[in-house]
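Q: Sequence plus predicted model, see below.
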Amino acid sequence: MEIDPRTPVLVGQGQALDRSTNAVETKHPVALMADAFTAAAADAGISVPHEVDSIRVVRLLSWKYANAARELGAITGVTAREYATTPHGGNMPQTLVNLTATQILRGECDLVVLAGGECTRSRSLFKDASELPWPSPEAPGADAVPPAHIVDDLALLNDEEMRLGIVLPIQVYPMFESALRAASGRSIEQHDQRISELWSRFSAVAAGNDFAWSRDVLTPTQVREVTSRNRMIGTPYRKVMNSNNQVNMAASLIMCSAERAAALGVPRDRWVFPVSGTDCHEHQFISNRWSFAETPAVRLGGKRALSLAGLTMSDIALVDLYSCFPSAVQLGAASLDVDITSQLTLTGGLAFSGGPWNNYVMHAIATAMSRLRESSGDHAFVWANGGYATKHAFGVYATTPPKRAFQYESPQAQIDALPKRELAVGDDAAGPATIEAFTVMHDRDGAPERFIAAGLRNDGRRVWVVSDDRAVAGSFATGEHVGDTVNLRRSGELA
């Protein structure tokens, strides 16, 4: 089959881990990205290129750089016309693939390096940054060029959510879990069994992944048993059910046109094609979501990516659903009509393979490339998620050339037209409300310390309920409370 020379293709993937506990030896994030990039070039069967069109680095949190992409180029000896970064969000690696594939197809670029990584484990071991001989995080000088911002950002929090301190994923995803449990009609014990079995299966996949941070297989009982090492974080999530960001991990992808891949001498059996992609987001703020038990943007965005590829989920052999918390996997699986007991991770997920903040999905794509090369003719499907199940990016991949050039769309206009909740704030929220989702946050000793709930008024408006009274938190820490009626004095305050 003759391939259009502008067809975008992934030719190299690399992953890197650093388990050093020595301050002098541990690598800073961009140095770890450099290892991953070098591995990606070797994976493609080529030397590290001296010049590329763009180096694109996913926004990182564990260290500050004036320009991480430029730093990566300096370490590896690569110059680029563009050094770019992204906003925060776990969707960004797939969004970068979608953007880069579209630009390659249009002839706007020809050879691009994608990379990302974090060294949060080292930062937690050496809280005094002066102990680490890493590049200075000082602001750039007047002659330094800041990175290009090539992806638009999306605010994730409204004023009321920030005022009430409902800002962390570890607070929000457990609320999604309670809503999913209530919608299913399962008891707490039945639902805990379900999600502990899900996470046990993920741990088993990580055990077989050479680039997973944790390779211990956990039984369902070990996942759900509350111990000093597996304390409750936010009801119903024990520690192991949360994304593990205490990792030193990096990944890199090399993308180019088919014409450039041939010119570089990349063996044909290394080529992996992005077949289709979509990007979209739910209603921007969780306050306005119609339901905490549904993700309509995943349904519309994921199925559109499949449709553009001429496929359905039944045609997909390799699946990686975003897995920061069990609720994310369940929301994605339900929206995509995937059996929750099927194989839904290629790596082991963020809890076991590792959750290097925004860059997990680059590891998933790298793993998908390796797996596809082993099973020619199969397709892989990747869902990337950012925020609070807010921002989504989807990609379909194959080693066989697509019948049509890379296909890309966004169903955002259709999503924006879906119903949304109004939020009652201040004194307007006073009165009775029915709890639709809740969690209780626990302190480091495992004691309940904060109650957070979303409620619905009789008129359908949403209200927020919070309490830092430990006695109140303790009273909601056990039992099912979705469906309970509470009275508010005002937004955020129990009467």
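A: In hand now; what should we look at?
Q: Where does the prediction get shaky in the protein?
A: Across the chain, the stretches falling below the confidence threshold (pLDDT under 70) are 1, 138-143.
Q: domains of it?
A: Following the assignment in automatic domain parsing, the chain carries domains at 8-156+246-270, 183-241+278-352+362-416, 426-494.
Q: looking at the ones you listed, which is closest to G165?
A: Go through these one by one with Cβ to Cβ and the one that ends up closest to G165 is domain 426-494, at 7.1 Å. The way it works is simple: take the backbone N, C-alpha and C, and place the C-beta from them, glycine included.
Q: picking up where we left off before, let me have the domains of the chain in CSV, extended by mean neighbour count and distance to E177.
A: Listed next are the domains of the chain as CSV, based on neighbours: other Cβ atoms under 10 Å; distance: least, Cβ to Cβ, whole Å:
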stretch, mean neighbour count, distance to E177
domain 8-156+246-270, 20, 18
domain 183-241+278-352+362-416, 20, 4
domain 426-494, 18, 8
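Q: part of a helix, is V97?
A: Yes. The secondary structure assignment for V97 places it in a helix, going by DSSP: H, G, I helix; E, B strand; the rest coil.
Q: show me the contacts for it.
A: Contacts for V97 (Cβ atoms under 8 Å, 6 or more residues apart in numbering) come out as 10, 114, 253, 255, 274, 277, 365, 395.
Q: hmm, 7 Å instead?
A: 274, 277, 365, 395 (Cβ atoms under 7 Å, 6 or more residues apart in numbering).
Q: and the two most separated of those?
A: By the measure Cβ to Cβ, those have their two most distant members at G277 and I365, which lie 11.2 Å apart.
Q: Beyond the lengthiest helix in the chain, next helix or strand please.
A: With secondary structure taken from DSSP state H, the chain has its longest helix at helix 188-207. Sequence-wise, the next helix or strand downstream of helix 188-207 (DSSP states H and E) is helix 220-224.
Q: List of residues touching the one helix or strand V319 maps to?
A: Here V319 sits within strand 318-320, counting by DSSP H and E. Strand 318-320 is contacted by residues 338, 343-347, 364, 368, 371-372, 378, 380-382 when judged by Cβ under 7 Å, 6+ apart.
Q: same deal with stretch 45-59?
A: With contact meaning Cβ under 7 Å, 6+ apart, stretch 45-59 is reached by 38, 41, 68-69, 72-73, 76-88, 92-93, 96, 109-116, 150, 264-267, 270, 358-359, 362.
Q: what about the residue sitting nearest the centre point of the chain, distance to V58?
A: Nearest to the geometric centre of the chain sits G90, at 3.1 Å (Cα atoms, centre = their mean). To V58, G90 is 9 Å away according to Cβ to Cβ, to the nearest Å.
Q: what do the two both touch?
A: Among the neighbours of G90, those also in contact with V58 (Cβ under 7 Å, 6+ apart) are N358.
Q: R444 versus the residue lying closest to N242 once chain neighbours are set aside, what's the distance?
A: Of all residues not flanking N242 in the chain, I233 sits nearest, at 5.6 Å (Cβ to Cβ, 6 or more residues apart in numbering). In this structure, I233 and R444 are 10 Å apart, going by Cβ to Cβ.
Q: What of A384?
A: The gap separating A384 from R444 is 31 Å, by Cβ to Cβ.
Q: repeat for A250
A: In this structure, A250 lies at 29 Å from R444, with Cβ to Cβ as the measure.
Q: try A477
A: Note on A477: its distance to R444, by Cβ to Cβ, is 16 Å.
Q: N358: what's it in contact with?
A: Contacts for N358 (Cβ under 7 Å, 6+ apart) come out as 58-59, 88-90, 92, 116.
Q: tell me how far the ends of stretch 222-229 are from each other?
A: For stretch 222-229, the first-to-last residue distance is 11 Å (Cα to Cα, to the nearest Å).
Q: which residues in the stretch 1-150 of the chain form strands?
A: If you assign secondary structure with DSSP state E, counting those that start in this stretch, the strands in the stretch 1-150 of the chain sit at 8-17, 51-57, 79-85, 111-119, 148-149.
Q: strands paired with the shortest one, and their directions?
A: Strand pairing for strand 148-149, using DSSP bridges, gives strand 79-85 (parallel).
Q: between the partner strand and strand 51-57, what angle do the directions make?
A: Going by axes from the mean of the first three to the mean of the last three Cα atoms, to 10 degrees, strand 79-85 is angled at 20 degrees with respect to strand 51-57.
Q: Give me the contacts around strand 79-85.
A: The contact list for strand 79-85 (Cβ under 7 Å, 6+ apart) reads 50-57, 59, 67-70, 73, 147-150.
Q: Restricting to C-alpha, output it in CSV.
A: The C-alpha coordinates for strand 79-85 follow below in CSV (Å, rounded to 0.1, in the frame of the first residue of the first chain):
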residue,chain,number,x,y,z
THR,A,79,18.5,22.2,18.2
ALA,A,80,14.9,23.1,17.3
ARG,A,81,13.0,25.8,15.6
GLU,A,82,10.5,25.7,18.5
TYR,A,83,10.8,24.8,22.2
ALA,A,84,7.3,24.3,23.6
THR,A,85,5.3,23.4,26.7
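Q: how far out from the middle of the chain is it?
A: Counting by Cα atoms, centre = their mean, to the nearest Å, strand 79-85 is centred 24 Å from the centre of its parent chain.
Q: Next: stretch 389-405.
A: Relative to the chain's own centre, stretch 389-405 is displaced by 16 Å; criterion: Cα atoms, centre = their mean.
Q: try stretch 74-92
A: Relative to the chain's own centre, stretch 74-92 is displaced by 18 Å; criterion: Cα atoms, centre = their mean.
Q: again, but for stretch 305-322
A: With Cα atoms, centre = their mean as the basis, stretch 305-322 stands 18 Å off its chain's centre.
Q: got a list of what R231 touches?
A: By Cβ under 7 Å, 6+ apart, the neighbours of R231 are 238-239, 442, 446.
Q: And for P411?
A: Counting by Cβ under 7 Å, 6+ apart, P411 makes contact with 278, 280, 300-301, 304.
Q: if you set the cut-off to 10 Å instead, what comes out?
A: Under the criterion of Cβ atoms under 10 Å, 6 or more residues apart in numbering, the neighbours of P411 are 278-280, 296-297, 299-305.
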